[in-house]
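Engineer: let me see the structure of the following:
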Amino acid sequence: MKLYSFFNSSTSYRVRIALALKGLEYDYQGINIRVGEQRSHHYSELNPSKGVPVLEGDDGFSLSQSLAIISYLDDICPEPRLVPAEPKLKARVLEVASAIAADMHPINNLRVLGYLTKELDVSDEQKRDWYRHWVAEGFTALEERLARHGYGDFCFGETPTLADVCLVPQVANAQRFGCDLSAYPRIMAVYEHCCRQAAFQQAEPSRQPDFAA
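Structural biologist: Model prediction:
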């Protein structure tokens, strides 16, 4: 398999965590989305959305969108399963993952932040305010969800799920933007526990071949 990834992309980070948890080997192909490599003809043929990640199988099968990729990995390599089979637990995991992947991430990703500054001419400080506002909105709701329904060292129990796979990159990005996360003790406890696990460490941005400070 080959993973087209950018070291600081939270969606790529999710897939790297999933691959590491499942012990799957892959070739890493860095795509620098900061300088527009995702818009090249070759890459846009591979992914018309011009984003990362893309997972390409040895049989030529390729797939974009991190949650679709992780669902596919669960099907071809079920252990450890990241989306549980038990209906209520599965629903809770998907609830948290969707809150991050559908509500929080899309309005704070690089394309949106770039549009704010380049097209709408907002200042860097206004951009940071935008980012921090939506992080606070999302994490306040997520903290309440985990306080009501979460348990164990991970979001749900003693083994990682898709909820943790989505949570860790989102917290890492929030830290990078200087967000105050002290109001979210449950989120931070899960994050810190995950960061002590080998698979999560293997997927960290700083450990990727295309890492640049």
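Engineer: measure Gln38 to Ser64 for me?
Structural biologist: 11 Å (C-beta to C-beta, to the nearest Å). For the C-beta atoms, the positions are set from N, CA and C on the backbone; glycine is no exception.
Engineer: okay, and the common contacts of the two?
Structural biologist: By C-beta atoms under 8 Å, 6 or more residues apart in numbering, Gln38 and Ser64 have these common neighbours: Asn47, Gly51.
Engineer: more crowded one of these two?
Structural biologist: Neighbours per residue, other C-beta atoms under 10 Å: of Gln38 and Ser64, the larger number sits with Gln38, 23 against 19.
Engineer: excluding chain neighbours, what is closest to that one?
Structural biologist: Excluding the flanking residues, the one nearest Gln38 by C-beta to C-beta, 6 or more residues apart in numbering is Lys50, at 4.6 Å.
Engineer: from Ala141, how far off is that neighbour?
Structural biologist: In this structure, Lys50 and Ala141 are separated by 30 Å, where distance is defined by C-beta to C-beta.
Engineer: with Leu181 instead?
Structural biologist: The separation that Leu181 has from Ala141, given C-beta to C-beta, amounts to 14 Å.
Engineer: swap in Val112?
Structural biologist: Taken as C-beta to C-beta, the span from Val112 to Ala141 is 20 Å.
Engineer: what does Leu89 give?
Structural biologist: From Leu89 across to Ala141, the span is 20 Å (C-beta to C-beta).
Engineer: what's the helix or strand for Ala20?
Structural biologist: Element membership of Ala20, judged by DSSP states H and E, is helix 10-21.
Engineer: correction: Asp180
Structural biologist: Per DSSP H and E, there is no helix or strand for Asp180.
Engineer: and if you look at Leu55?
Structural biologist: In this structure, Leu55 sits in strand 54-56 according to DSSP H and E.
Engineer: what about Val83, how many neighbours?
Structural biologist: The local packing of Val83 (other C-beta under 10 Å) involves 18 other residues.
Engineer: pretty sure Phe139 sits against Met188.
Structural biologist: No - using C-beta atoms under 8 Å, Phe139 is not in contact with Met188, being 9.6 Å away.
Engineer: quick one: which of the two has more around it?
Structural biologist: Between Phe139 and Met188, counted using other C-beta under 10 Å, Phe139 has the larger neighbour count: 23 against 16.
Engineer: circling back to that earlier point, overlap in contacts of Phe139 and Met188?
Structural biologist: Both Phe139 and Met188 are contacted by Leu181, under the criterion C-beta under 8 Å, 6+ apart.
Engineer: helices and strands around the host helix or strand of Val168, which ones?
Structural biologist: Val168 is located in helix 162-176, with elements delineated by DSSP H and E. The criterion is 3 or more C-beta pairs under 8 Å, 6 or more residues apart in numbering; DSSP states H and E, and the helices and strands that helix 162-176 contacts are helix 10-21, helix 66-76, helix 87-98, helix 124-149, helix 185-194.
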